[in-house]
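In: next come a sequence and a model predicted from it.
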Amino acid sequence: MPQNPHWYTLRKTWTKDADFIQAIRDIRTYGYREIFRGREYVMLRLGDFKYWTMGSPESETILVNKAKIHNTPYDCIAESYDSMCSSHHYAMENTELVKMLPDKDIPVLDIGCGTGFLLDYVAYADYVGIDISTRMLSVLLQKHPKRLTFNLSYMLLPQKYNQNRVKLALFGVGSYLSIAEIHRLSKDKHFLMFYMDRYCPVSHKAMKDIVPVINADAELRHTSNRIAWGNYIIYENIG
């Protein structure tokens with residue numbers, strides 16, 4: 001497939017079938033989801049490659065696919081991200097933020113979920129996370145196996161995973177959302193955080209290529225409560 005170059009390995013060529021079965025289980029336990037031509041696939045990132053099956057039951061799975069991954073700026077800092085944000089200051093900030101968020105029994109959509117900060121603090125029963133960094137998602141899933149996560153942007157998330165959820169965009173994630181995304185989010189219950197002017201997050205200091213900040217929050221000023229909180233501006237309508 002020219003639009004999706006990849007390789008595959010056949011089950012029948014493996015010396016031990018038990019090893020093939022374990023590979024399938026690892027993909028489905030620690031993998032995130034991608035959508036290709038309207039169909040969901042569970043992907044496991046290892047190094048600079050992703051691996052996936054066609055979704056059949058274990059007994060019927062005959063191959064594992066492999067494809068090269070192109071890194072985003074956040075992929076380059078994913079494995080060190082948690083340690084960057086592990087100081088006492090950040091721990092105190094995290095604890096205070098969690099007090100403002102929905103109860104663990106409320107369904108949530110975690111936009112820009114990263115390495116899983118939210119799940120580190122709150123064991124949400126009904127959770128969906130999305131992020132454009134596959135390495136970030138891989139770190140999250142190592143800590144929180146089988147959690148439902150997608151490697152895509154918000155506008156590409158299927159409606160069935162979007163509806164009836166409080167939308168969260170924590171610690172500056174709101175600053176990267178487009179005008180179209182903000183417009184869509186403003187119609188639902190949300191808790192969105194934007195960087196204060198001139199604030200440079202620790203992640204930007206560590207990245208070689210900076211992700212551009214949009215700060216398209218003008219529409220929220222008439223539909224949400226505005227809170228100045230540390231280095232962030234919060235817009236929320238869940239209180």
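Out: That came through, no problem. Just so it is clear, the model here is predicted, and its values are computed rather than measured.
In: so for S86, what's the pLDDT?
Out: The confidence metric pLDDT takes the value 84 at S86.
In: ah, wrong one, I meant D209
Out: Turning to D209, the model gives it a pLDDT of 68.
In: tell me what the one helix or strand I233 maps to is packed against?
Out: Taking DSSP states H and E as the definition, one finds I233 inside strand 232-236. Contacting strand 232-236 under the criterion 3 or more Cβ pairs under 8 Å, 6 or more residues apart in numbering; DSSP states H and E are the following elements: strand 190-195, strand 225-229. (C-beta placed from N, C-alpha, C; glycine too.)
In: and for the residue nearest to V108 when sequence neighbours are not counted, the neighbour number?
Out: Distance criterion Cβ to Cβ, 6 or more residues apart in numbering; nearest residue to V108, sequence neighbours excluded, is V166 at 5.1 Å. Neighbouring residues of V166 were enumerated by other Cβ atoms under 10 Å; the total is 20.
In: now V166: how far from R135?
Out: Between V166 and R135 the computed distance is 26 Å (Cβ to Cβ, to the nearest Å).
In: cool, and P5?
Out: Following Cβ to Cβ, the distance that separates P5 from R135 is 21 Å.
In: got it, and S56?
Out: Looking at S56 against R135, where the rule is Cβ to Cβ, the gap reads 27 Å.
In: same check on T95?
Out: 26 Å.
In: neighbour count for those two, which is higher?
Out: Just comparing T95 and R135: by other Cβ under 10 Å the higher neighbour count belongs to R135, 21 against 10.
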